[in-house]
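Trainee: kindly return the folded structure for what I paste below:
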Amino acid sequence: MNKLFKRIVAATMLSRFLTQPKIPQLPLKLDLQYFAEPTMDAWEAMHGAQGRAFVMIEGSRYHFANLINLEADMTKTKSKIPIMGRVAKGNKSTGAEYEGSATFHYNTSIFRQLLKRYKDTGEDIYFDIQVTNEDGGSGIGRQTTILIGCNLDGGKLAKLDADAEYLEDEVSFTFEDWDMPEEFSILKSMQS
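Mentor: As a prediction, the model looks like this:
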């Protein structure tokens with residue numbers, strides 16, 4: 001009898017609940033930005049021209065002030081590894097290759113001197129390049145990369161252009177190693 005009484009009370013309460021007039025629900029106000037993913041602030045972007053480069057050749061250090069752009073890349077070499085029970089082969093890193101390029105104003109003979117020396121004597125000269133990115137408007141600090149054992153692939157020997165407002169020079173090079181003695185700080189938006 002106790003079970004029957006509980007069922008009657010439950011049915012009565014349910015009936016009253018279903019027949020009561022509905023009270024309009026106010027929308028719940030949420031600050032959706034609270035749930036949004038953090039984004040980078042615009043001032044944390046690195047300005048491309050805010051930096052400097054130096055070239056070190058046989059004990060002489062040159063401020064590469066005539067530089068327009070420079071890129072250096074590391075490409076990992078990989079081997080395809082067959083694996084029993086898998087359709088796709090795996091990829092195993094087995095080494096790395098380093099190469100770069102630079103474009104600069106056609107107003108220095110430093111690199112042509114290295115090419116001429118190689119032509120005349122067969123002596124191939126290796127040098128280092130230090131690149132520092134530092135934008136005072138950004139709060140991420142600076143990064144310095146040193147490209148060690150750079151060696152020219154070749155270069156322009158002479159150039160004229162009657163239509164050019166200014167002349168550009170460019171070189172491509174390989175390098176043997178690299179180091180990064182200074183690193184950018186981690187953005188606040190990247191930390192969780």
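Trainee: pLDDT on the helix or strand where residue 16 lies, on average?
Mentor: Using DSSP states H and E, residue 16 sits within helix 2-19. Mean pLDDT, computed over helix 2-19, is 72.
Trainee: quick one: residue 10 and residue 139, what's the gap?
Mentor: Residue 10 sits 62 Å away from residue 139, going by C-beta to C-beta, to the nearest Å. (C-beta placed from N, C-alpha, C; glycine too.)
Trainee: likewise residue 2?
Mentor: Per C-beta to C-beta, residue 2 is found 71 Å from residue 139.
Trainee: report the rounded mean pLDDT for the helix or strand hosting residue 133.
Mentor: Counting by DSSP H and E, the element that carries residue 133 is strand 127-134. Averaging pLDDT along strand 127-134 gives 95.
Trainee: contact partners of it?
Mentor: Applying C-beta atoms under 8 Å, 6 or more residues apart in numbering, the set of residues contacting strand 127-134 from outside is 46, 50-58, 64, 70, 72, 100, 102, 114, 141-150, 175, 182, 184.
Trainee: over to stretch 89-102?
Mentor: Stretch 89-102 has contacts (C-beta under 8 Å, 6+ apart) with 64, 67, 69-83, 129, 147, 150, 170-178.
Trainee: buried among the residues you listed? Make that a ChimeraX selection.
Mentor: Buried members of the contacts of stretch 89-102, defined by 16 or more other C-beta atoms under 10 Å, are picked up in ChimeraX with:
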select :64,67,70,72,129,147,150,171,173,174,175,178
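Trainee: sort out for me which of the contacts of stretch 89-102 are in strands.
Mentor: Mapping those onto strands (DSSP state E) picks out 67, 69-81, 129, 147, 150, 170-174, 177-178.
Trainee: does residue 44 really touch residue 187, like I thought?
Mentor: Yes - judged on C-beta atoms under 8 Å, residue 44 makes contact with residue 187 at a distance of 5.7 Å.
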